[in-house]
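1. Fold the following and give me the result.
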Amino acid sequence: MRLAIFESAAGLGQGNLRLGVVDGEQIHDATDAVPGLTAADLGSQGLGPVIAAWDDVKADVQGAAAGDGVALSDVQLRAPLRPTTIICCAGNYMEGEDRPKRPLNGFMKSPQAVIGPGDTVNLPPHDCSIFHHEAELALVVGRPAFRITEWEAASHVFGYTAFIDVSGRSWPPTNAGASFLGKSFHTFAPLGPVVVTADEVGDPQNLSVKLWVNDDLRQDYNTDDMEHPIPTVLAWGAGVVPLLPGDVIACGTNHHGLSPLQEGDVCRIAIENIGEFSVHVSDPLGRSWPWPE
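-> Residues are numbered from 1 along each chain as shown. Take a look at the predicted model:
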């Protein structure tokens, strides 16, 4: 299933959040299929409560999708997740190099940085050397996971979503690459447009990942180039902190094609079998950086 959080056009800006099941170009309201689920829950916890209760509510949510739907174009999708923890892999792609695999490495990103489809990445006034996009496949945790084995990992994956790891480079100034602070500026974690359950994604290690800036294709790679596969990534992340339903691990990126994000840009990500969404970029300071050749 393809699960979403949405607002109807009539309720935009009023916090009228609903649980939706996306089917093609239609979305079905499944809020009532989850007992006690409120707009406040969806706003503060995203799909977390739905994922935590999935075994009990799956059949009813699926049943709701058999009813009448409305056109996706008539609603506004919102960020489907409000995770308590976001872990991001650093690199984790071979990028065409013939070399031994590097050890897994990564960083935490503030959950408060999450935004959703159609929202705006606000570049802060801090003196970063550049602001970059990084298109990534993100796994969504389905069951509490802590110090699990790679063999157990698959049973803890609920599904997948698309993730843009926005990065403020060289912040703080003593950091030459990226840090928790440089990765965690408000609005620096766009994700969506939906969460697709693992059974519908197919093989997550063979998905096309693309990202455009102003219709210029900047990133174009396949997850089959991933350095460490998803079970390894989940067991590694869950070996550090306990993970809860709705938490996210971004599986890394192929850095080829990275370019700056600047005032007025539109950044669009698309992942095969998951979907696509766009965010806008705002920089009140109007800074600019040269694009790579």
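2. How far does stretch 144-158 sit from its chain's centre?
-> 19 Å (C-alpha atoms, centre = their mean, to the nearest Å).
3. please begin residue numbering at 44 from this point
-> OK, 44 is where the count begins now, so the last one is stretch 187-201.
4. buried residues in it?
-> Of the residues in stretch 187-201, 188, 191, 196, 199, 200, 201 count as buried by neighbour count, 16 or more other C-beta atoms under 10 Å. All C-beta atoms are positioned from the backbone trio N, CA, C, and that covers glycine.
5. Then stretch 107-121?
-> 107, 108, 112, 115, 118, 119, 120, 121.
6. gap between the two ends of that stretch?
-> Stretch 107-121 has an end-to-end distance of 20 Å (C-alpha to C-alpha, to the nearest Å).
7. from memory residue 122 sits against residue 156, does it?
-> No - assessed by C-beta atoms under 8 Å, residue 122 is found out of contact with residue 156, at 10.5 Å.
8. who has more neighbours, those two?
-> With neighbours defined as other C-beta atoms under 10 Å, residue 122 and residue 156 compare such that residue 122 has more, 24 against 19.
9. Ramachandran coordinates for that one?
-> Note on residue 122: its backbone torsions stand at phi -60, psi 120 [degrees, to the nearest 10].
10. mind checking how far residue 254 is from residue 308?
-> 12 Å (C-beta to C-beta, to the nearest Å).
11. The stretch of helix or strand residue 233 belongs to pairs with which strands, parallel or anti?
-> Using DSSP states H and E, residue 233 sits within strand 232-240. Taking DSSP bridges as the criterion, strand 232-240 pairs within the sheet with strand 45-51 (antiparallel), strand 157-158 (parallel), strand 200-207 (antiparallel).
12. for the residue lying closest to residue 129 once chain neighbours are set aside, what are its contacts?
-> Spatial nearest neighbour of residue 129, chain neighbours left out: residue 152 (4.3 Å); criterion: C-beta to C-beta, 6 or more residues apart in numbering. Going by C-beta atoms under 8 Å, 6 or more residues apart in numbering, residue 152 touches 129, 130, 131, 208, 223, 226, 227, 231, 232, 293.
13. Mind doing that once more with 7 Å?
-> Taking C-beta atoms under 7 Å, 6 or more residues apart in numbering, we find residue 152 in contact with 129, 131, 226, 227, 232.
14. Report the contact partners of the residue nearest to residue 66 when sequence neighbours are not counted.
-> Leaving aside its chain neighbours, residue 66 sits nearest to residue 108 (5.9 Å; criterion: C-beta to C-beta, 6+ apart). Contact analysis of residue 108 by C-beta under 7 Å, 6+ apart lists 64, 66, 71, 73.
15. At which residues are the helices of this protein located?
-> For the chain, applying DSSP state H gives helices covering 82-88, 91-95, 97-107, 193-196, 223-226, 241-244, 273-281.
16. buried ones in stretch 141-159?
-> Neighbour-count burial for stretch 141-159, counted by 16+ other C-beta under 10 Å, picks out 147, 149, 150, 152, 154, 156, 157, 158, 159.
17. Nearest to residue 278 among those residues?
-> Among the buried residues of stretch 141-159, residue 147 lies closest to residue 278 (C-beta to C-beta), at 9.8 Å.
18. I'd like to know how far the closest one sits from residue 155.
-> Noted for residue 147: a distance of 25 Å to residue 155, by C-beta to C-beta.
19. thought residue 181 was touching residue 233?
-> No - contact between residue 181 and residue 233 fails when scored by C-beta atoms under 7 Å: they sit 10.8 Å apart.
20. between the buried residues of stretch 107-121, which is nearest residue 244?
-> When the buried residues of stretch 107-121 are compared against residue 244 (criterion: C-beta to C-beta), the nearest one is residue 108, at 17.3 Å.
21. And the pLDDT at the closest one?
-> Per-residue pLDDT puts residue 108 at 90.
22. quick one: it and residue 73, what's the gap?
-> 7 Å.
23. can you list the domains in this protein?
-> 45-121, 129-325 (automatic domain parsing).
24. ok so, going back, now the strands paired with strand 232-240 in CSV, with distance to residue 86?
-> Below are these laid out as CSV (distance: least, C-beta to C-beta, whole Å):
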stretch, distance to residue 86
strand 45-51, 8
strand 157-158, 12
strand 200-207, 18
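25. and of these, who's closest to residue 136?
-> Proximity to residue 136 (C-beta to C-beta) singles out strand 200-207 among these, at 14.4 Å.
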